[in-house]
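**Student:** Predicted model follows, preceded by the sequence.
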Amino acid sequence: MAKNPEHRDLFPGALEIMILQSLRFRPMHGYALVKHIKQVSDNLLQVEEGSLYPALQRMLREGLLDSETGLSAKGRPTRIYRLTDAGLRRLEREVVSFEKMFTGITRVLAVAKA
Amino acid sequence: MQILSKLFRRRRYDDIAVSIQEHIEERTEELMQEGRSRKQAEQAARREFGNVTQIAERSREEWQWAALESLLADLKLTLRRLRKSPGFAATVLLTIALGIGANTTVFSVVNSVLLKPLSYPDSGRLVALTLNAPGAGGLADITNGLNLSPSMYLTFSELNRTFQSLGVWTSGTASVTGLAQPEEVHTALISGGVLETLGVLPTAGRWFSQADQDPRGAKTVMLSYGYWQRRFGGDKSAIGRNIQVDAQSREIVGVMPRGFKMVDKEFDLLVPLAFDTKNQKLAPFYSEGIGRLKPGVNLAQADADIARLIPMWMDSWSNGPGTNPHWYERWRITPGFRPLKQRVVGDVGGVLWVVMATVGLVMLIACTNVANLLLVRAESRQHELAIRAALGAGRARIARELLTESVSLGLMGGVIAVGVAYAGLRLLTALGPADLPRLSEVSLDIRALGFTFALSVIAGLLFGSIPVLRYARAKASATIGNANRTASAGRVRQRSRNVLVVAQVAMALVLLVSALLMIRTFAALRNVDPGFSDAPHLQTMHIWIPDLLVADPQTVTRQQNSIVDKLAAIPGVTSVGFAGAVPMENNDPNWDQIGVEGKRYEGGDPPLRLFNYVSPGYFKTAGTKLIAGRDFTWDDIYGLRPMVIVSENFARESWGSASAAVGKRVRQFSSMPWQEVIGVVQDVRQHGVDQDAPPTIYWTAMLNDPYTRQPTIDAPRAVTFVLRSSRAGDEGFLNELQQAVWSVNSNLPLASVRTMQDIYSQSMARTSFTLVMLAIAGSMALALGIIGIYGVISYAVSQRTREIGIRLALGAQKSELKWMFVRSALLLTAAGVAIGLGTAGALMRLMKSLLFGISPLDPFTYITVPLILAISAALASYLPARRAAAVDPVEALRAE
């Protein structure tokens, strides 16, 4: 599955937070999610389909997401995923912990440079 | 509920498919907008997406509890597939069920006999007080060593520091009168400490007390559960009643619980030994010792403790004035204590492990057969498996499916096997040798069921792994591409089946060799002259005249003489006699030293010899040939004439030949008169056909007691009568015997009434049991091996039909074609035989102790078995080979 080496695959926790954040604004179907993340990150992030669909199912099972039958951008039937309250809470918690981690990483890198 | 969740899940799975479908569609359209054709765009979109099936599957797995669901799916598939080929399923299940069933059966026996602890509380601390005494000759037998004397028991129990309790016991028979007809029952005579050591509480009443072991105290008795049920109907009021045991009135004080055995003996009555502690000598050595170690004490400490007491024992007792108490030092008595379980189980372990290994091997052969069938099946699915691999099924996924199939076959076989084992155990307990210890304890318990389960899984993995190794990594291109176009199967395909057949032949050879060695052993045993003749027409029975019934020894002999006369008068009886012991009953009347006149012995004392006491006519009746001299007469006996008869080996050893022995003299102790040798009889295999005949001295049935200071007349009171008659064993005949004995003394019960043939068979029981088991295993192995060869060759024929057609079309001779297939079978067999011979040669050494009269490398066996296998292989391959030759080339090639 070697893809463009410039894109880094998202590690599982990160993929989850990207999905949650993307769905916070509006419910989307799978392909829309991939495109959304790609666009917003200016092509820096690439979502693996091989990870996306299992991740969506896992989050559905955990109650972070809800799904409903809807129409895609082209007007064909597909599954639309939306954030649940539990998903929102998880997102907020994860964002805080991510920010802490980034701060930590940034500081360590800064010291290393100095 | 289940249906709901299923529906829900089905929808969920559809959703995943829909999502993925839409994903690809949308991407395709996007790419088309970039200017590609629909086809190109779709291809690119799919390539980008990756393996649709796999991703969908992994997405679905998020909903599955571990991988169980897909396992269930595999299982469902397996069952469906098995239903579609019932012939295959039945063959495989039956093979596995028989294989596992046989293993479970034998394992149950091994488990119950060898592995389970004895059924006494905390039985790990129970010890058999076996003494080694290399200087004591036949008194210390090889398996159980020297027995303890009462004085030893008294010293040891008083002064030891390592035992919580210890005691001695011996088994015997007694006649019970006053209840119904006089009845001969089995007794266990026990000293104080025995019940405490075994630690099993009575089910009613109480144990013997200290007072019960006082020879001047109250006379008491305890009952076994079985005897209590049989004679008293399990009535508690039996406690306190009196019964006449050997004409002695004894009060019943207790009943032992069901299943309680005295070490390894079933008994009816427990009787106190009640030693007179004041009047004991160093000898006689007749009781078996058992002890319970104090917690934390080991066998070595117990050995050291008792070793310290042996000199003290010699200091404390004597054999009478003028005798040297330290004389026994030359016996070199040392403790060689063993766990009691080892004493109970004895040497049966060897036989059982051999049988276990044998059925294990049969199981392996069965597994190879099943593996072969599975290989053929996997081969026919090769196309399917290759396509699945091409579609992205991982190697592990395919392996899992193949293994699910084989393990579930194994487990289903295992379930049937439990039924097989249940039937097998009933058969085995019926067939099993009566001397197999703990046979009554054999049962199908949790451990045996666990064993069955484990074996089922292991077997499943074993025969499943071979197709997995072959097919899980099937190369898609190789198999899809040329599946049906080659003229015949590739070498590689045939190779794994060939390897299996070679292994099978090798294992079958090992089993057949072991079975044939046992058959040869049995034949060798049958050829040994046991020292008696025509055993089926030799009736034997025990009669004991207790001293409370007839006090005077001379009267005992006269009554025995009258019994002989009465028995001889019964129609159909040609001759009668009696002896202290008949061969192979394992009760030696006595062992003591005997000195030959004019001979000097190393260390001053002659060695110990087996003593027996016989009536006139005993040798003639038993068919023991008189080699020189003459038999005793009743005049010799009543005249107390100092005479003996000796065995041929004793005569040769002492005087060079049988005829030279007549007229020579021997004596027991220097204080005793010389005895003249008046006759020499042939050697008798007293301890079984596989044991050498011990040199034996035969005394008259009435004699001066050598163990008293004043000459006192003594007579053996427990003797075995033998009658030669064509009516031996008849019901009516036995009644006449009973009446004849009662006409002399109405208080004498007959015990152990059986023919010499019964005794002989029983002494061979272990060998014949091993023989039967190995013969069954060997024939199963042969049958499975033949089926294996037949299967492989006929499959090869069916796979090569096209090739055969071409060969025939090109002018091949039919006989050549046949030979081609037979030859390939013979080659496989030859390879198997070569491997098998090497293995058998190495393994059979382990069987050495079970063999008699032949070497573990018996050339006859090692030539015959490969021949049998070669002939079988030729036959097994000839049938399919004939089919090959019958192929019509036109038909075969038209199939293209």
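**Tutor:** Looks like it arrived, so ask away. These figures come from a predicted structure and were not determined experimentally.
**Student:** Can you name every helix or strand that the longest helix along chain A contacts?
**Tutor:** Once chain A is assigned using DSSP state H, the helix that runs over the most residues is helix A:85-113. Packed against helix A:85-113, as judged by 3 or more CB pairs under 8 Å, 6 or more residues apart in numbering or on different chains; DSSP states H and E, are the following elements: helix A:12-25. For glycine as for every other residue, the C-beta is placed from the backbone atoms N, C-alpha and C.
**Student:** List the contacts of the helix it packs on.
**Tutor:** The contact list for helix A:12-25 (CB atoms under 8 Å, 6 or more residues apart in numbering or on different chains) reads A:10, A:28, A:33, A:36-37, A:40, A:45, A:47, A:51-52, A:55-56, A:59, A:64-65, A:81-83, A:87-88, A:90-91, A:94-95, A:98.
**Student:** which residues are in contact with the very next helix or strand once past that helix?
**Tutor:** Downstream of helix A:12-25, the first helix or strand assigned by DSSP states H and E is helix A:30-40. Applying CB under 8 Å, 6+ apart, the contact partners of helix A:30-40 are A:18-19, A:22-23, A:28, A:45-47, A:49, A:52-53, A:56, A:72-73, A:78-79, A:81, B:19-20, B:22-23, B:26-27.
**Student:** related to what we said a few turns ago, what about the longest helix of chain A, distance to the chain center?
**Tutor:** 15 Å (CA atoms, centre = their mean, to the nearest Å).
**Student:** Give me the buried positions along that helix.
**Tutor:** When neighbours are counted by 16 or more other CB atoms under 10 Å in any protein chain shown, the buried residues of helix A:85-113 are found to be A:87, A:90-91, A:94.
**Student:** Now tabulate these in a markdown table and tack on pLDDT.
**Tutor:** Formatted as a markdown table, the buried residues of helix A:85-113 follow (pLDDT from 0 to 100):
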| residue | pLDDT |
| --- | --- |
| A:87 | 88 |
| A:90 | 88 |
| A:91 | 89 |
| A:94 | 86 |
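**Student:** Tell me the one among these nearest to residue B:647.
**Tutor:** Closest to residue B:647 out of the buried residues of helix A:85-113 is residue A:90 (97.8 Å), distances taken as CB to CB.
**Student:** Please name the residues that touch residue B:833.
**Tutor:** Applying CB under 8 Å, 6+ apart, the residues near residue B:833 are B:505-506, B:509, B:866, B:869-870.
**Student:** Against residue B:784, how distant is it?
**Tutor:** 16 Å (CB to CB, to the nearest Å).
**Student:** Repeat that for residue B:213.
**Tutor:** Distance from residue B:213 to residue B:784, by CB to CB: 60 Å.
**Student:** which one of these two has more residues nearby?
**Tutor:** residue B:784 (24 against 19; other CB atoms under 10 Å in any protein chain shown).
**Student:** Confirm that the more buried one sits in a strand.
**Tutor:** No - judged by DSSP: H, G, I helix; E, B strand; the rest coil, residue B:784 forms no part of a strand; its state is helix.
**Student:** residues contacting it?
**Tutor:** Contacts of residue B:784 by CB under 8 Å, 6+ apart are B:95, B:362, B:365-366, B:369, B:504, B:508.
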